[in-house]
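> Starting from these lines, generate the structure:
(chains A and B)
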Amino acid sequence: MEGDIAQLGQYIGAGIAALGSGVAAIGVGNVASNFLAGALRNPSAAASQTATLFIGLAFAEALGIFSFLVAVLLMFAI
Amino acid sequence: MATEGEATGLVFHPMDQFIVTPLFRTLGPGETVNWYEPTNVTLWMAFIVLAIIALMVWGTGGRGLIPNRVQSIAEMAYGMVHKMVDDVAGHEGVKFFPYIMTLFLFVLFANLLGLVPLGFTVTSHIAVTAVLALAVFVTVTGVGFARNGASFLKLFWISSAPLALRPVLAIIELISYFVRPVSHSIRLAGNLMAGHAVMKVFAGFAAVLWIAPVSILGVVAMYGFEILVAFIQAYVFTILTCVYLKDALHPHH
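Okay, the predicted model is just below:
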């Protein structure tokens, strides 16, 4: 019985952690949309900022990956 | 897990593809992989090295003034990484170009060869990416102290901030500095693991008749997306190495 409750909490926790991946998508979308908005206003400066774009995307995405990792750890490792 | 999987139409577990197995024997129950044993991970790492050698040695062997297709791929990769190091890490960083090029090619080929059907994605294991990220971390810290001596610590002491805030910022900067290898490795491994697991989840649903067309379309779309991710993650891993190297070479904010 106790094991069942622990497993229930494990699955619920994994589900909640998976929400973080979705929320990180908002951050990634923000980075990309602001880059696009800026790039359309000044297309000549856009090419020089693609490296910054990818760094920003990577930082935003890393947090989503962390929550995905927490979910995976809850499902398979604990 | 297996019984739950079968109930939803999954005949295999989506994480099964990441299991490390020895090449020349089957693991009995309770047995573990010995450290000296050739496994599917080492096999695919060997394939990666062979593919890089094929591209960079055999592919550019003709040394054509007008490059053929393979040679122009090699030249494009070389030129892209060289430009990235020069742009991000500055001119002094070009000294570290061989190391960064090695990292880029290894991660890129690991990601791409992982997409070969029945292949093994080496970079989906945190053990592999953590070694790569820790090597970068140790190198960068060593270079920082060798170049700047104790003034490398100015990286944490932000002189443009108000004096009262500086100790607080120093703690935050210190923590973020030591989290670097963690996020650096988990970003790569997490992206690859997530992508491949999603592909296998879609593939598992192909066994259910009425949803099979959607599932197959999903696998094809995810496969295309994964090729993009494979390249982008190799690019991101390399460019973050360049950013860290820039911090080591020029610690003053």
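> Only C-alpha atoms from now on, for both contacts and neighbour counts.
Will do.
> Give me the contacts around stretch B:41-49.
If you take C-alpha atoms under 8 Å, 6 or more residues apart in numbering or on different chains as the criterion, stretch B:41-49 is touched by B:20, B:106, B:109, B:110, B:113, B:119, B:120, B:121, B:122.
> ok, the fifth one touching residue B:124?
This points to residue B:113. No. If you go by C-alpha atoms under 8 Å, residue B:113 and residue B:124 don't touch, sitting 11.8 Å apart.
> who's more crowded, the two?
Ranked by neighbour count (other C-alpha atoms under 10 Å in any protein chain shown), residue B:113 and residue B:124 place residue B:124 first, with 25 against 21.
> how many other residues sit next to the nearest residue to that one once chain neighbours are set aside?
Spatial nearest neighbour of residue B:124, chain neighbours left out: residue B:189 (4.3 Å); criterion: C-alpha to C-alpha, 6 or more residues apart in numbering or on different chains. The number of residues packed near residue B:189 is 26, by other C-alpha under 10 Å.
> What strand or helix carries the residue positioned nearest the centre of chain A?
In chain A, the residue lying closest to the centroid (C-alpha atoms, centre = their mean) is residue A:64, at 2.2 Å. Assigned by DSSP states H and E, residue A:64 belongs to helix A:50-72.
> where does chain A come near chain B, residue by residue?
For chain A, the contact set with chain B under C-alpha under 8 Å from any C-alpha of the partner chain comprises A:51, A:54, A:55, A:58, A:61, A:62, A:65, A:66, A:68, A:69.
> Going by distance to residue B:93, which of the residues you listed wins?
Closest approach to residue B:93 among the residues of chain A next to chain B (C-alpha to C-alpha): residue A:51, at 16.3 Å.
> Now do the same contact list for the closest one.
Applying C-alpha under 8 Å, 6+ apart to residue A:51 gives the contacts residue B:239.
> Looking at chain A, which residue is nearest chain B?
Nearest residue of chain A to chain B: residue A:62, at 5.2 Å (C-alpha to the nearest C-alpha).
> and that residue, what does it touch?
Per C-alpha under 8 Å, 6+ apart, neighbours of residue A:62: B:183, B:186, B:187.
> can you check residue A:77 too?
Neighbours of residue A:77 in contact, by C-alpha under 8 Å, 6+ apart: none.
> So what does it look like in phi/psi?
Dihedral pair for residue A:77: phi -100, psi -30, per degrees, to the nearest 10.
> before we move on, back to that, pull out the buried residues from the contacts of stretch B:41-49.
B:20, B:106, B:109, B:110, B:113, B:120, B:121, B:122 (16 or more other C-alpha atoms under 10 Å in any protein chain shown).
> so which of those would you say is closest to chain A?
So of these, ranked by how close each gets to chain A (C-alpha to the nearest C-alpha), first place is residue B:20, at 15.4 Å.
> where does that closest one land in three-state SS?
Counting by DSSP: H, G, I helix; E, B strand; the rest coil, the backbone at residue B:20 sits in coil.
> okay, the contacts of stretch B:41-49 in CSV with secondary structure, distance to residue A:16 and pLDDT next?
As requested, the contacts of stretch B:41-49 are arranged in CSV below (DSSP: H, G, I helix; E, B strand; the rest coil; distance: C-alpha to C-alpha, whole Å; pLDDT from 0 to 100):
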residue, secondary structure, distance to residue A:16, pLDDT
B:20, coil, 29, 87
B:106, helix, 35, 96
B:109, helix, 34, 95
B:110, helix, 31, 95
B:113, helix, 33, 94
B:119, coil, 32, 88
B:120, coil, 30, 91
B:121, coil, 28, 92
B:122, helix, 29, 93
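> which one of the residues you listed is nearest residue B:153?
Among the contacts of stretch B:41-49, and counting by C-alpha to C-alpha, the member closest to residue B:153 is residue B:106, at 31.5 Å.
> check contacts around the closest one.
B:48, B:49, B:52.
> How many neighbouring residues does residue B:102 have?
Number of residues near residue B:102 (other C-alpha under 10 Å) recorded here: 14.
> mind checking how far it is from chain A?
From residue B:102 across to chain A, the span is 19 Å (C-alpha to the nearest C-alpha, to the nearest Å).
> Then residue B:213?
Residue B:213 is 26 Å from chain A, by C-alpha to the nearest C-alpha.
> can you pull the contacts of that residue?
Here residue B:213 is in contact with residue B:206 (C-alpha under 8 Å, 6+ apart).
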